[in-house]
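> Give me a model of this one.
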Amino acid sequence: MNLQQVLSVTRKAIDEFQMIQEGDKIAVGISGGKDSLTLLYALNGLKRFYPQHFTIEAITVDLGLGASMEPIQRLCDELGVHYTPIPTEIYKIIFEDRKESNPCSLCAKMRKGALNEVAKKLGCNKIAYAHHKDDVVETMLMSLIYEGRFHTFSPVTYWDRMDLTLIRPMIFMNEADVIGFQHKYDLPVVQNRCPADGRTKREYIKNLLRQLNLENPGVKERMFAAVLSGNLKGWVPAEKILTSNTTQQTTGHQT
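Numbering: from 1, shown residues only. Down below sits the predicted model:
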């Protein structure tokens with residue numbers, strides 16, 4: 001997948017769910033992985049010609065694992081994007097002090113809190129996460145298997161307590177396409193040093209989905225289609241909402 005294709009797929013999600021409005025300042029959470037770096041490229045490219053003018057800030061929550069963020073800093077310098085690394089002791093707190101046996105939930109909560117705080121200080125009103133189509137389906141499967149409900153995260157979420165809006169512009173992009181983009185553009189991916197990496201429930205679900213898709217070609221796309229048509233909160237495109245409201249108003253007027 002080349003940059004033009006990435007911009008096209010990203011813009012499709014942004015347009016359908018009205019993720020960006022005029023004057024938005026968007027914090028892009030950069031973990032150092034392929035997904036967040038692809039999102040950085042996409043939003044940086046889109047802001048040059050998107051009808052609604054917006055700006056971006058790149059932010060990394062450093063967990064304290066000793067990973068060098070210099071490659072990300074160099075990339076941001078090349079793209080002309082302001083970059084803010086946030087030093088934390090999240091790793092020490094979770095793995096050394098608390099010795100959490102299931103660290104992912106607490107880690108995610110602490111990372112989100114640190115990111116939100118800095119985003120607000122930088123004057124951002126939105127935060128962009130790099131969740132792609134595979135993440136959508138994996139989260140839906142996790143919800144079905146472990147919670148007994150049909151659910152996944154929304155394309156757009158408003159946090160009233162922080163007065164921040166979370167957007168996920170890559171929800172129509174396959175992980176395989178992200179990997180292709182990573183290799184084509186030689187993205188400076190920072191190795192994940194988390195000791196829990198590869199041993200989580202999400203990793204189990206990821207492998208399960210991969211196996212299901214091998215045995216039943218197209219199953220991932222059908223699951224994603226089920227999410228789109230399942231009337232889940234936040235998953236009704238803005239155009240359909242407007243059409244539905246117009247139809248109701250017209251029907252009410254005729255009555």
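> A strand includes residue 58, no?
Yes - counting by DSSP: H, G, I helix; E, B strand; the rest coil, residue 58 is part of a strand.
> Bridge partners for it, pull those for me.
Note on residue 58: beta-bridge partners by DSSP bridges are residue 28, residue 83.
> That one: how many residues sit nearby?
25 (other Cβ atoms under 10 Å). For the C-beta atoms, the positions are set from N, CA and C on the backbone; glycine is no exception.
> ok, it to residue 115 distance?
With distances taken as Cβ to Cβ, to the nearest Å, residue 58 is found 11 Å from residue 115.
> So for these two, which residues contact both of them?
Here residue 58 and residue 115 have residue 27 as joint contacts, going by Cβ atoms under 8 Å, 6 or more residues apart in numbering.
> All the strands of the chain, residue numbers only.
24-29, 54-62, 83-87, 126-128, 156-159, 164-167 (DSSP state E).
> helices or strands up against the second one?
It stands for strand 54-62. strand 24-29, helix 34-46, helix 70-79, strand 83-87, helix 104-121 (3 or more Cβ pairs under 8 Å, 6 or more residues apart in numbering; DSSP states H and E).
> Okay, buried residues for the last one please.
To tie it back to what came earlier, the one meant is helix 104-121. 104, 107, 110-112, 114-116, 118-119 (16 or more other Cβ atoms under 10 Å).
> Between the residues you listed, which sits nearest residue 142?
Nearest to residue 142 among these: residue 104, at 11.4 Å, using Cβ to Cβ.
> Buried by neighbour count: which residues of stretch 135-149 qualify?
Those would be 135-143, for stretch 135-149 by 16+ other Cβ under 10 Å.
> again with stretch 81-96
81, 83-85, 88, 90-91, 93-95.
> Please convert the residues you listed to JSON lines, extending it with distance to residue 147 and pLDDT.
Listed next are the buried residues of stretch 81-96 as JSON lines, based on distance: Cβ to Cβ, whole Å; pLDDT from 0 to 100:
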{"residue": "81", "distance to residue 147": "37", "pLDDT": "97"}
{"residue": "83", "distance to residue 147": "37", "pLDDT": "97"}
{"residue": "84", "distance to residue 147": "35", "pLDDT": "96"}
{"residue": "85", "distance to residue 147": "35", "pLDDT": "93"}
{"residue": "88", "distance to residue 147": "29", "pLDDT": "88"}
{"residue": "90", "distance to residue 147": "26", "pLDDT": "87"}
{"residue": "91", "distance to residue 147": "28", "pLDDT": "81"}
{"residue": "93", "distance to residue 147": "27", "pLDDT": "89"}
{"residue": "94", "distance to residue 147": "23", "pLDDT": "87"}
{"residue": "95", "distance to residue 147": "26", "pLDDT": "83"}
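> Using JSON lines, lay out the residues you listed together with distance to residue 234.
Supplementary listing: the buried residues of stretch 81-96 in JSON lines, determined by distance: Cβ to Cβ, whole Å:
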{"residue": "81", "distance to residue 234": "28"}
{"residue": "83", "distance to residue 234": "30"}
{"residue": "84", "distance to residue 234": "28"}
{"residue": "85", "distance to residue 234": "31"}
{"residue": "88", "distance to residue 234": "29"}
{"residue": "90", "distance to residue 234": "28"}
{"residue": "91", "distance to residue 234": "32"}
{"residue": "93", "distance to residue 234": "32"}
{"residue": "94", "distance to residue 234": "30"}
{"residue": "95", "distance to residue 234": "33"}
